[in-house]
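Q: Sequence first, then the predicted structure:
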Amino acid sequence: PGCEILCVALSGSADITAGGQSFERVGQRADIWAGPAESVYCGTCPRVTVRAMRDGTEVAVAGGVCAQPFAPFRVTPEEVAMVEVGSAETHSRRRIFHILGQNAAGRAGNLLVSELYSDQGCWSGYPPHKHDTERPQEETDFEEIYHYRFRPETGFGAQFCYEGQANASDATP
């Protein structure tokens, strides 16, 4: 209660039940590199059940505080919007697959969930930025969390969090 949840099939397939609705065989990817994700927005229902349908199934669970009630729905791979940003020259080229975002306008609260694929040697958060002030068109106030996967598995990732107030002009590349 008081939270909204999205279950994203990273690999394999799962049956997901939320708010009395059953969503069968969610996810068909072998792994996260095999195309857009399939997921279930579980809404704000107090009980969610996820049952793996085969070995190797992984499901990511994302959530956040949400006081307004929302009903569950399925997000198919066809509903996942992709945008390409950055450039090879700035080492920032990446593709962002918005699993839950504008496609859920009016059907979900504030949760934004994406999969981001950076080119080799590129930054995923360039230019440096922050999300601790609500200034529409320039900056939005929200928590940003990353879960890293690599191909090849020898890659690495880092997320930096700063406490206190900072000016956007303080950020350096």
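A: Cool, the structure landed.
Q: Pop out the phi and psi values for Glu79.
A: phi -90, psi -10 (degrees, to the nearest 10).
Q: which residue sits closest to it, ignoring its sequence neighbours?
A: Asn103 (5.0 Å; CB to CB, 6 or more residues apart in numbering). For every residue, glycine as well, the C-beta is placed using N, CA and C.
Q: pLDDT score assigned to the spatially most central residue of the chain?
A: By CA atoms, centre = their mean, the chain has its centre lying nearest to Val113, at 2.4 Å. At Val113, the model reports a pLDDT of 96.
Q: State the distance from it to Asn103.
A: 11 Å (CB to CB, to the nearest Å).
Q: and if you look at Thr154?
A: For Thr154, the distance to Asn103 - CB to CB - is 34 Å.
Q: between those two, who's got more neighbours?
A: Between Thr154 and Asn103, Asn103 has the larger neighbour count (other CB atoms under 10 Å), namely 15 against 6.
Q: what about Tyr41, how many neighbours?
A: Quick note: Tyr41 (other CB under 10 Å) scores 28 neighbours.
Q: So it sits against Arg107, correct?
A: Yes: Tyr41 sits in contact with Arg107 when judged by CB atoms under 8 Å, with a separation of 7.2 Å.
Q: where do the contact lists of these two overlap?
A: Shared contacts of Tyr41 and Arg107 (CB atoms under 8 Å, 6 or more residues apart in numbering): 70, 73.
Q: Give the phi and psi angles for Ala60, as a check.
A: phi -90, psi 140.
Q: Give me the pLDDT value at the closest residue to it other than its chain neighbours.
A: Residue nearest to Ala60 in three dimensions, not counting chain neighbours: Val8, with 4.5 Å by CB to CB, 6+ apart. Here the pLDDT value assigned to Val8 is 98.
Q: Understood, closing this out.
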